[in-house]
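Participant: Here is a sequence with its predicted model. Questions after.
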Amino acid sequence: MHLRVAATHLPERLTVRDAFLFPVATKEARRDLLIGGLLLATLPIGWILNLGNRLNVVSRLSAGDRPFFRGFRPWGYTFRRGCISFATIASYLAPAVVLAIASAWLFRIGSPARFVCSALAVGAFCLAVFTLPGCMTVYAVEGDASVLRRPAAAFARAWKHRRTYLFAWWIALLSVVLSFFGLLAAGIGFVFTSVWAWEVVGYAFTIALYSGERPR
């Protein structure tokens, strides 16, 4: 349940500037952004490959294993990790989906319980979304897949580091909002800005959970 000792090579503080520059700071990073965008635009499994690559980048970042970006190689390993990430996201969101379906059915029959069910669905969704980056980051850094099967422990871990964790969430949401400006580039730019935002998210939560310092 405990986080690994903070990595001394990581930045002492999480900053918006560092997080935003991380996915484009090196030639290797820019190449990965290009590859990731092309995968999203051309392949159905592009999203899964990008999920796996983000885990790989976070793992190398935490270990100080440069270059952090390696052109999605090895592809098979990246795809397997992407599948694990996809399955985790699906399982964490499943309760909210089930509750939302039940709520829709209750609304259809006019049951008073529909409001309670709707509130539970929203709560389950928010809880899952809040917890997921923490458990995925710990899995990527420490390589222990069992953390993905312990959502309560994942929430407790995120809450323990809530100050920097919430700051990482603020950076993540800001990057996602900014990524929509990619739609201005004939729409296709969005696939590349999306990949950029995902890498910003990976960086932000890694620093938030493993640097142990205050945000600024």
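Facilitator: Everything's here; your move.

Participant: can you pull the buried residues of the least confident helix or strand in the chain by mean pLDDT?
Facilitator: The weakest-scoring helix or strand in the chain, judged by mean pLDDT, DSSP states H and E, is helix 151-160 (a mean of 88). For helix 151-160, a neighbour-count test (16 or more other C-beta atoms under 10 Å) marks Pro151, Ala153, Ala154, Phe155, Arg157, Ala158 as buried. (C-beta placed from N, C-alpha, C; glycine too.)

Participant: can you check stretch 89-99 too?
Facilitator: Buried residues in stretch 89-99 (16+ other C-beta under 10 Å): Tyr92, Leu93, Pro95, Ala96, Leu99.

Participant: Ok, stretch 157-176 next?
Facilitator: Residues Arg157, Ala158, His161, Thr164, Tyr165, Phe167, Ala168, Trp169, Ile171, Ala172, Leu174, Ser175 are the ones in stretch 157-176 that count as buried (16+ other C-beta under 10 Å).

Participant: do stretch 128-144 as well
Facilitator: Neighbour-count burial for stretch 128-144, counted by 16+ other C-beta under 10 Å, picks out 128, 130-142.

Participant: Show me these that map onto helices.
Facilitator: Counting by DSSP state H, the buried residues of stretch 128-144 place 128, 130-142 in helices.

Participant: Reformat those residues into CSV and put pLDDT next to each item.
Facilitator: Below are these laid out as CSV (pLDDT from 0 to 100):
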residue, pLDDT
Ala128, 95
Phe130, 94
Thr131, 94
Leu132, 95
Pro133, 93
Gly134, 90
Cys135, 93
Met136, 96
Thr137, 95
Val138, 93
Tyr139, 95
Ala140, 96
Val141, 94
Glu142, 92
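
Participant: Mind putting those into a markdown table with distance to Asp32?
Facilitator: Output for those, formatted as a markdown table (distance: C-beta to C-beta, whole Å):
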| residue | distance to Asp32 |
| --- | --- |
| Ala128 | 27 |
| Phe130 | 27 |
| Thr131 | 27 |
| Leu132 | 22 |
| Pro133 | 20 |
| Gly134 | 24 |
| Cys135 | 23 |
| Met136 | 18 |
| Thr137 | 18 |
| Val138 | 22 |
| Tyr139 | 20 |
| Ala140 | 15 |
| Val141 | 19 |
| Glu142 | 23 |
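
Participant: Which of those sits closest to Val201?
Facilitator: Distance to Val201, by C-beta to C-beta, is smallest for Pro133 among those, at 6.6 Å.

Participant: Quick check, that closest one in contact with Ala172.
Facilitator: Yes. The pair Pro133 / Ala172 is scored as a contact, 7.1 Å apart, by C-beta atoms under 8 Å.

Participant: Determine the residues that are contacts of both of these two.
Facilitator: Val201, Phe205 (C-beta atoms under 8 Å, 6 or more residues apart in numbering).

Participant: Please compute how far stretch 47-62 lies from its chain's middle.
Facilitator: Between the centre of stretch 47-62 and the centre of its chain there are 10 Å (C-alpha atoms, centre = their mean, to the nearest Å).
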